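S.K.: With the sequence up front, the predicted model follows.
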Amino acid sequence: MHIIDVFGGEKLPVSFEIFPPKGDLPVEEAREVIGGLAPLSPSFVSVTYSAGGSGNSSRTIDVAKMAQDEYGLNMMAHLTCMNADRAGIDSVLASMKAAGIENVLALRGDAVPGATPKDFKFAKDLIPVAREAGFCVGAAAYPEGHIDCLDFDESIRHLKEKQDAGAQFFVTQLFFDNDVALQFLDAARKAGITVPITFGIMPFLSKAQIQRMVFMCGASLPSPIIKLLARYEDDPKALRQAGIDYACQQFVGLSKEGVDGLHVYTMNRPDIAQAAVQALRDAGAIA
Ligand code: FAD
């Protein structure tokens, strides 16, 4: 099913992100994660893509195919282009199509040190290629601007370019402050971005993890989180629970704002997706 069709109905779309098993672990390892997520009936599940080597696209595809064929999930494969040439991208898209995948999240990805971009400089260069190949295509959005882009308005302009290039919906980067996300939504709509925007949230589970996340994507840390980090500094279990509870509050808060969709960065932990879905059910946001 094309993901664009899950938006705009009565039901609030709730989706999940997973990643393929790390390193040389067999793809079968993903079965436990997928099996834990399937009963939650997500609107779609996306699988990340590692641009590091030729073997990696097949792992994304294999996981997506398994989840689609054996668990009946609606899947989206991520695809990065910065270190790829056109022939390589065409070949990956052909493999995705052969696997029955209909949805692609078109991304630039991060540069491999020392490599120069080949046929694709930005995600907007990949989007029309994936559309022409027949996929339903989403792209990434950054509520606080992309980390390399210091000017928020410029970041919004680049987002609009992705819509103009054919992106049919956006999935956002994580953020910890719903007000920031809603201001971004307002700015995006004012800039003529009309496609659905689904908001991605990742719970913090430890101080080290949140530090990594913040420096990786430039998300701002609101004071309630800093207080939680201080309060549970010596109690990792309580901090983890506080992080999941905080993310659930974010989901519920956004659901009341009439957003287009919610996307859970599960980190391959079905319990996180379960907590988010339960919180949304308890709040009456989903059935
Ligand atoms: P782009 O939209 O191309 O933007 C990249 C940078 O270029 C930005 O700073 C932008 O402002 C700037 N830019 C864009 N257009 C122009 C222009 N015309 N002129 C000048 N500057 C411009 N990475 C992975 O490797 N694998 C994944 O599976 C993956 N999944 C992700 C999922 C989501 C939902 C998100 C939000 C990110 C994901 N990423 C993933 C990370 C992503 O690859 C990085 O954030 C990457 O640095 C940017 O990708 P992009 O597609 O947003 O790039």
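M.R.: Everything's here; your move.
S.K.: mind checking the SS state of residue 78?
M.R.: strand (DSSP: H, G, I helix; E, B strand; the rest coil).
S.K.: give me the beta-bridge partners of it?
M.R.: Taking DSSP bridges as the rule, residue 78 bridges to residue 105.
S.K.: Residue 50 is in contact with that one, correct?
M.R.: No. Judged on C-beta atoms under 8 Å, residue 78 makes no contact with residue 50 at a distance of 9.2 Å. Yep, even glycine has a C-beta here, placed from its N, CA and C like the rest.
S.K.: Pick out whichever of the two has more residues nearby.
M.R.: Neighbours per residue (other C-beta atoms under 10 Å) separate residue 78 from residue 50, with residue 78 holding more: 24 against 16.
S.K.: so where's the stretch 1-150 of the chain shaky on pLDDT?
M.R.: 52-56 (pLDDT under 70).
S.K.: Kindly recompute the last result at 80.
M.R.: Residues of the stretch 1-150 of the chain meeting the criterion pLDDT under 80: 51-56, 111-115.
S.K.: sorry, back to before: name the residues contacting each of residue 78 and residue 50.
M.R.: Here residue 78 and residue 50 share the contacting residues residue 60, scored by C-beta atoms under 8 Å, 6 or more residues apart in numbering.
S.K.: What residues does residue 173 make contact with?
M.R.: Per C-beta under 8 Å, 6+ apart, neighbours of residue 173: 140-144, 146, 200, 217, 219.
S.K.: got the contact list for the helix or strand harbouring residue 275?
M.R.: Residue 275 is located in helix 270-282, with elements delineated by DSSP states H and E. Residues from elsewhere that reach helix 270-282 (C-beta under 8 Å, 6+ apart): 12, 14, 16, 33, 36-37, 40, 42, 201, 203, 244, 247-249, 251-252, 255, 262, 264, 266, 286-287.
S.K.: can you check stretch 239-258 too?
M.R.: 12, 176, 178, 181-182, 199, 201-207, 210, 224-225, 228-229, 231-233, 262, 264, 271-272, 275-276, 278-280, 283, 285-286.
S.K.: could the contacts of residue 173 go into TSV alongside neighbour count and secondary structure?
M.R.: Below are the contacts of residue 173 laid out as TSV (neighbours: other C-beta atoms under 10 Å; DSSP: H, G, I helix; E, B strand; the rest coil):
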residue	neighbour count	secondary structure
140	19	strand
141	28	strand
142	23	coil
143	26	coil
144	21	coil
146	18	coil
200	22	strand
217	17	helix
219	21	coil
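S.K.: right, and the helix or strand after the one helix or strand residue 216 maps to?
M.R.: Here residue 216 is covered by helix 207-217, with elements defined by DSSP H and E. Downstream of helix 207-217, the first helix or strand assigned by DSSP H and E is helix 223-231.
S.K.: Now do that next one: which elements does it pack against?
M.R.: helix 207-217, helix 236-255 (3 or more C-beta pairs under 8 Å, 6 or more residues apart in numbering; DSSP states H and E).
S.K.: Run the angle between the last one and helix 223-231 for me.
M.R.: Between the axis of helix 236-255 and that of helix 223-231 there is an angle of 170 degrees, by axes from the mean of the first three to the mean of the last three C-alpha atoms, to 10 degrees.
S.K.: Helix 236-255: which residues count as buried?
M.R.: Neighbour counts over helix 236-255 (16 or more other C-beta atoms under 10 Å) mark 239-240, 242-244, 246-248, 250-252, 254-255 as buried.
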